[in-house]
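Undergrad: here's a sequence, model it:
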Amino acid sequence: MKTLYLVRHAKSSWSDPDICDHDRPLNRRGNKDAPYMGKLLFEKGIKPEKLISSSAVRALETAKQIAKEIRFDRNSIIADERLYHPSTMDFFRVINEIDKSIGEVMFFSHNPGITDFVNFISTFDIINIPTCGIVCIQFDTNDWKELSNHKGRVTFYEFPKKYFG
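TA: As a prediction, the model looks like this:
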């Protein structure tokens, strides 16, 4: 059994138009939502063995805040530029490098790629994963390299507006 947590980065700031897209930080709401969602994951007993994030500032900040709440070593987060505006194939390239001894992995990435990937790899049908939305998918396989041959089962879908309206 393999479990994949797909997290869209929290809400980012557009206050400085001179900052390039890759370097945009989280805004106030993003800095509130990310720790909240991390606490929610901690309460669910979520303990991924690996966190892999887009190299974009807003994704890494989201990953670090969630990591803190779930008691994951923030210095062990892997930044991977392939998760910055990824295609479905980019997700598979990263997944195929995960050692099969690891059972649970959490990705932090961006739309539209993360929504497209969730729709491709599972039976879930969603138009848009909102900022700081989290989809958990389980796969009946023992090797990450076999994920492309499986449709995963979504076990939960969480997002901040579910709690904050």
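
Undergrad: can you list contacts of the longest helix along the chain?
TA: Ranked by number of residues, the top helix in the chain under DSSP state H is helix 28-43. By C-beta atoms under 8 Å, 6 or more residues apart in numbering, the residues outside helix 28-43 that reach it are 5, 7, 9-13, 26, 58, 61-62, 65-71, 131-132, 134, 158, 160, 163-164. Any C-beta I mention is one placed from the backbone N, CA and C, and that applies to glycine too.

Undergrad: same check on stretch 19-27?
TA: 9-15, 34, 55-58, 61-62, 84.

Undergrad: before we move on, what about stretch 84-99?
TA: With C-beta under 8 Å, 6+ apart as the criterion, stretch 84-99 contacts 4, 22, 50, 52, 54-56, 59, 80, 82-83, 105, 107, 109-110, 113-114, 116-117, 120-121, 144-145, 147-148.

Undergrad: return the distance of the residue sitting furthest away from the middle of the chain relative to Asn27.
TA: No residue in the chain sits farther from the centre than Asp18, which is 26.7 Å out by C-alpha atoms, centre = their mean. As judged by C-beta to C-beta, to the nearest Å, Asp18 and Asn27 stand 16 Å apart.

Undergrad: check Ser13 too.
TA: 4 Å.

Undergrad: just the buried members of the contacts of helix 28-43?
TA: Buried by 16 or more other C-beta atoms under 10 Å: 5, 7, 9-13, 26, 58, 61-62, 65-70, 131-132, 134, 158, 160, out of these.

Undergrad: where does pLDDT dip in this protein?
TA: Along the chain, the parts satisfying pLDDT under 70 run over 149-150, 165.

Undergrad: helices along that one, start to end?
TA: Under DSSP H, the chain gives helices at 28-43, 57-69, 88-95, 113-121, 161-164.
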